[in-house]
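Asks: One predicted model, sequence on top.
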Amino acid sequence: MFDFTFSKIRVPGLYSLIRRRYRKQGDIVPLFWTEHCMECSAPACYKTCDRYKRRADGDCIRIVNGITPIATKEGIGARCEFRTWAKIESQLKTKTLSGNSYAFLYRIFSLLGYFFRGCASISPFSKLQYFFDKGWFSVRQKIINYIINSKESTYALTLQGTINNNDHASTFLVDVKSVSRHLFRDIIEVPLGESRFRVNIPPYENGKKLYFINVHPTNAEEHITIDFESLELKPTDITKGKKIKLVVWDLDNTLWKGTLIENKNVEINQRFIQLIKEFDSCGIVNSIVSKNDEEEAGKKLKELGIVDYFVFKKINWEPKSVNICNTIMQMNINANSVVFVDDNPFERNEVLLRQPSITCIDPSEVEEFVKCERFKMIVTDDSKKRRATYKMMESMQQEEKQWDGDINDFLRSCDIRLNLSRPTERTTPRCYELLQRTNQLNSSGRRLSLDEVKKIIASDSYDCYVLNSSDKFGDYGIVGFLIVENKGEKNVVTDFVISCRVANKKIEPSVINYLAKKYGGEIAFNYKKTLRNGPMFNIIKELGMQKESVSQDTETYKCKYDPKFHNIVTINDLTGNK
């Protein structure tokens, strides 16, 4: 809900628009978005701040003309012209209402808001004006708190919205805070045109404590106008989201019934053992995070014949959130592609507070959950051996910890080799899979379809490279895909994706530097910033590329061949491309 009370503009049919927007919606957390200042210390700052601009009720105007209702194709939305230090904020209570109840409450609050604002505007006395304006604001929040009163929330939430931006490309922050401290922050990319976003919000206790959620430009000095076609907080739909790359299992009362430390003859959940093997066969990796005795748990896993199915196991007495975060870091994957299965709501909540984008589920939910699209994968030869490549990563990291010296010397000792080949009918599905699955190490962020990939491969206007990597720990298979567009005398790397399994091995800059040499001493490199691909920009910095141009949020850099660049990676070009 947006507070339109102080809007200078009205739209006809407001209540029918509200009803149309929410009547078919599922459960929604009732937020009431109002305008605020990021540096507010009201009312003391009103007399000292030179940015203060008086609103009709005496508060400070931060949204020009107020939060303005707009008609959208789905019903009601809001236009916000953010001034310096502006934000929209709501008290955060996490119990939900049905779409119909939400729409009814929204309509009543909007009607009463206009009514009391009208009473205040015609009141001859300032104290009476204050009574109508502030009294209604206080009563409104008390009504919301009464309707949705609950002691605590143990489920994750998703703030989702549709933004139409015709001003300039920007970024916004989503913050959650209590009265005394900041609790959570995530970033939203707001490109020109229409865009959608989803931000996972951790569950917070909401009984006696007050929590607030706000949205504002990353640059506090920025002046920007955007249309929120929707902005809603809902219970997270775990069936929607990124494809699953990792399933982390608890042991006691999850993988087996009972507690191992109390009973060595625990009853095994055979269906979960079967699922672990099915995941493994299609490229979804399994791990363990359990508070248990490592030696005893290891013996039981060996006895079951499944100990080798897990990578980066963490069996200790550390907080599970710490262990899971360490596993994510070691595997170099995003938390939004991870599932954590644990029978204990406390443990799931503790993990969500640390990593809200992880999907945390009870063992009883697993059977139904694995039927969703997030588990449907393109199975290739490389995905079938993904566990083996992570095992090699694990061995390499263990050896790196013991290395005493320069990291580049360690990498040279690993004998890293990279074969470049042209895509074939057999390897093209793997190239497509990389384009779909790769987020951090994806230079363009594009999600080309399989047909688009095949057309590019078949075209004489492009040179395509399949990257196959190995080192002394083993063969990692196809780890990357790269497209070079030939524009006369200019050659441009339009797309470069590489698996996180070989990140930080100097493969990325080495292959670009090699291509610069191959294509006459220099090559252009396209980079489009996304929410996740910041690590890909490190290639640009490491090779000292110079920016040439910017077109529709895509930056083009010039990379000149550097003959002095370290010779850590041995490259074998089998493509025949010239």
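Replies: Right, received. Where do you want to start?

Asks: My guess is Pro429 contacts Leu450. True?
Replies: Yes - using CB atoms under 8 Å as the test, Pro429 is close enough to Leu450 to be in contact (7.4 Å). Using the backbone N, CA and C atoms, a C-beta is placed for each residue, glycine as well.

Asks: ok, those two, which is more surrounded?
Replies: Pro429 (18 against 15; other CB atoms under 10 Å).

Asks: Contacts only, for the closest residue to Asp573 other than its chain neighbours.
Replies: Distance criterion CB to CB, 6 or more residues apart in numbering; nearest residue to Asp573, sequence neighbours excluded, is Leu420 at 4.7 Å. Residues near Leu420 by CB atoms under 8 Å, 6 or more residues apart in numbering: Tyr465, Val466, Leu467, Val511, Ile571, Asn572, Asp573, Leu574, Thr575.

Asks: mind running it again at 7 Å?
Replies: Tyr465, Leu467, Ile571, Asp573, Leu574, Thr575 (CB atoms under 7 Å, 6 or more residues apart in numbering).

Asks: quick one, helices of the stretch 451-578 of the chain?
Replies: Secondary structure of the stretch 451-578 of the chain, counting by DSSP state H, counting those that start in this stretch: helices at 507-518, 537-542.

Asks: so which of those helices comes closest to Phe32?
Replies: helix 537-542 (38.7 Å; CB to CB).

Asks: Only alpha carbons, please: show that closest one as CSV.
Replies: The C-alpha atoms that make up helix 537-542 are tabulated as CSV, following Å, rounded to 0.1, in the frame of the first residue of the first chain:
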residue,chain,number,x,y,z
PHE,A,537,35.0,-6.7,-14.2
ASN,A,538,38.2,-7.9,-12.5
ILE,A,539,39.4,-9.1,-16.0
ILE,A,540,39.1,-5.5,-17.2
LYS,A,541,41.1,-4.2,-14.3
GLU,A,542,43.8,-6.9,-14.4
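
Asks: how much space between Gln436 and Thr68?
Replies: Distance from Gln436 to Thr68, counting by CB to CB, to the nearest Å: 39 Å.

Asks: The two: which is more packed in?
Replies: Thr68 (22 against 18).

Asks: number of nearby residues for Lys257?
Replies: Neighbours around Lys257, by other CB under 10 Å: 14.

Asks: how close does the closest residue to it other than its chain neighbours sit to Ile273?
Replies: Leaving aside its chain neighbours, Lys257 sits nearest to Glu267 (4.3 Å; criterion: CB to CB, 6+ apart). Using CB to CB, Glu267 is found at 12 Å from Ile273.

Asks: Which one's more surrounded, these two?
Replies: Ile273 (16 against 9).

Asks: Now for the more buried one: which residues touch it?
Replies: Ile273 touches Leu304, Ile306, counting by CB under 7 Å, 6+ apart.

Asks: Least confident secondary structure element in the protein?
Replies: The helix or strand of the chain with the lowest confidence, counting by mean pLDDT, DSSP states H and E, is helix 381-384 at a mean of 78.

Asks: roughly how far is that helix from the heart of the chain?
Replies: Taking CA atoms, centre = their mean, to the nearest Å, one finds the center of helix 381-384 at 26 Å from the center of the full chain.

Asks: how much space between the closest residue in space to Asn491 that isn't next to it in sequence and Arg437?
Replies: In this structure, Asn491 finds its nearest non-sequential neighbour in Tyr519, 4.4 Å apart by CB to CB, 6+ apart. Distance, Tyr519 to Arg437, by CB to CB: 28 Å.

Asks: ok so, going back, for the residue nearest to Asn491, grab the count of nearby residues.
Replies: Neighbours of Tyr519 (other CB under 10 Å): 22.

Asks: I figured it hits Lys490, correct?
Replies: No - assessed by CB atoms under 7 Å, Tyr519 is found out of contact with Lys490, at 9.1 Å.

Asks: Point me to the helix or strand that includes Glu89.
Replies: According to DSSP states H and E, Glu89 maps onto strand 86-91.

Asks: as a whole number, average confidence for whichever helix or strand comes after that strand?
Replies: Using DSSP H and E, the next helix or strand after strand 86-91 towards the C-terminus is helix 99-122. What helix 99-122 shows for mean pLDDT is 87.

Asks: please renumber so the chain begins at 841
Replies: Will do, 841 is the new start, and the previous item becomes helix 939-962.

Asks: Only C-alpha atoms, please: export helix 939-962 in PDB.
Replies: C-alpha atoms of helix 939-962 as PDB (Å, rounded to 0.1, in the frame of the first residue of the first chain):
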ATOM      1  CA  GLY A 939      -5.500 -10.400  -1.600                       C
ATOM      2  CA  ASN A 940      -9.200  -9.500  -1.000                       C
ATOM      3  CA  SER A 941      -8.600  -8.500   2.600                       C
ATOM      4  CA  TYR A 942      -5.500  -6.500   1.600                       C
ATOM      5  CA  ALA A 943      -7.500  -4.600  -1.100                       C
ATOM      6  CA  PHE A 944     -10.300  -3.900   1.300                       C
ATOM      7  CA  LEU A 945      -7.900  -2.500   3.900                       C
ATOM      8  CA  TYR A 946      -6.100  -0.500   1.300                       C
ATOM      9  CA  ARG A 947      -9.300   1.100   0.000                       C
ATOM     10  CA  ILE A 948     -10.500   2.000   3.500                       C
ATOM     11  CA  PHE A 949      -7.200   3.500   4.500                       C
ATOM     12  CA  SER A 950      -7.000   5.600   1.300                       C
ATOM     13  CA  LEU A 951     -10.600   6.900   1.900                       C
ATOM     14  CA  LEU A 952     -10.000   7.700   5.500                       C
ATOM     15  CA  GLY A 953      -6.600   9.300   4.700                       C
ATOM     16  CA  TYR A 954      -8.200  11.700   2.200                       C
ATOM     17  CA  PHE A 955     -11.000  12.400   4.700                       C
ATOM     18  CA  PHE A 956      -8.800  13.300   7.700                       C
ATOM     19  CA  ARG A 957      -6.400  15.300   5.400                       C
ATOM     20  CA  GLY A 958      -9.400  17.300   4.200                       C
ATOM     21  CA  CYS A 959     -10.500  17.900   7.800                       C
ATOM     22  CA  ALA A 960      -7.000  19.100   8.700                       C
ATOM     23  CA  SER A 961      -6.800  21.400   5.700                       C
ATOM     24  CA  ILE A 962     -10.000  23.300   6.700                       C
END
